[in-house]
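Asks: Pasted the sequence and its predicted model underneath.
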Amino acid sequence: MARGRQGNGRHGGGGNAQTLRNYWTRGEGATKIRWGTPGDFNRCVRHLSKYMGARAKGYCALRHKAATGMWTSQHAKALRGGAKRR
């Protein structure tokens with residue numbers, strides 16, 4: 001690997017991207033978001049929008065899946081007890 005470059009997390013280097021994923025999924029950022037509780041996705045978007053803009057929604061959806069094991073729509077349905085929203 002070229003000097004001064006860090007890996008992307010897929011090839012053993014870790015790098016900043018993996019550090020951020022860990023922070024928002026399991027670290028102090030995850031504590032701020034409180035994954036698995038009502039409003040977790042919206043809290044994530046609110047925290048990350050200032051850094052990522054509109055891309056925060058997609059990133060938060062991925063972090064939600066990694067943190068809870070469910071996509072946001074699955075989680076919302078589970079919180080409602082499987083009932084459809086009216």
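Replies: Here it is on my side, so go on.
Asks: To which secondary structure element type does residue 70 belong?
Replies: Of the three states, residue 70 takes coil under DSSP: H, G, I helix; E, B strand; the rest coil.
Asks: Quick one: residues contacting the residue minimising distance to the centre of the chain.
Replies: For the chain, residue 63 is the residue whose C-alpha lies nearest the centre (C-alpha atoms, centre = their mean; 2.0 Å). Going by C-beta atoms under 8 Å, 6 or more residues apart in numbering, residue 63 touches 21, 24-25, 33, 35, 44. From N, CA and C alone the C-beta is placed, and that goes for glycine too.
Asks: Run through who's touching the helix or strand containing residue 50.
Replies: Per DSSP states H and E: residue 50 is located in helix 40-52. For helix 40-52, contacts defined as C-beta under 8 Å, 6+ apart pick out 24, 29, 32-34, 56-57, 59-61, 63-64, 68, 72, 75.
Asks: of these, buried ones?
Replies: Neighbour-count burial (16 or more other C-beta atoms under 10 Å) applied to the contacts of helix 40-52 gives 24, 29, 33, 56-57, 59-61, 63-64, 68, 72, 75.
Asks: Just the residues you listed: which are in helices?
Replies: 24, 29, 33, 56-57, 59-61, 63-64, 68, 72, 75 (DSSP state H).
Asks: and residue 24, how far is that from residue 45?
Replies: 12 Å (C-beta to C-beta, to the nearest Å).
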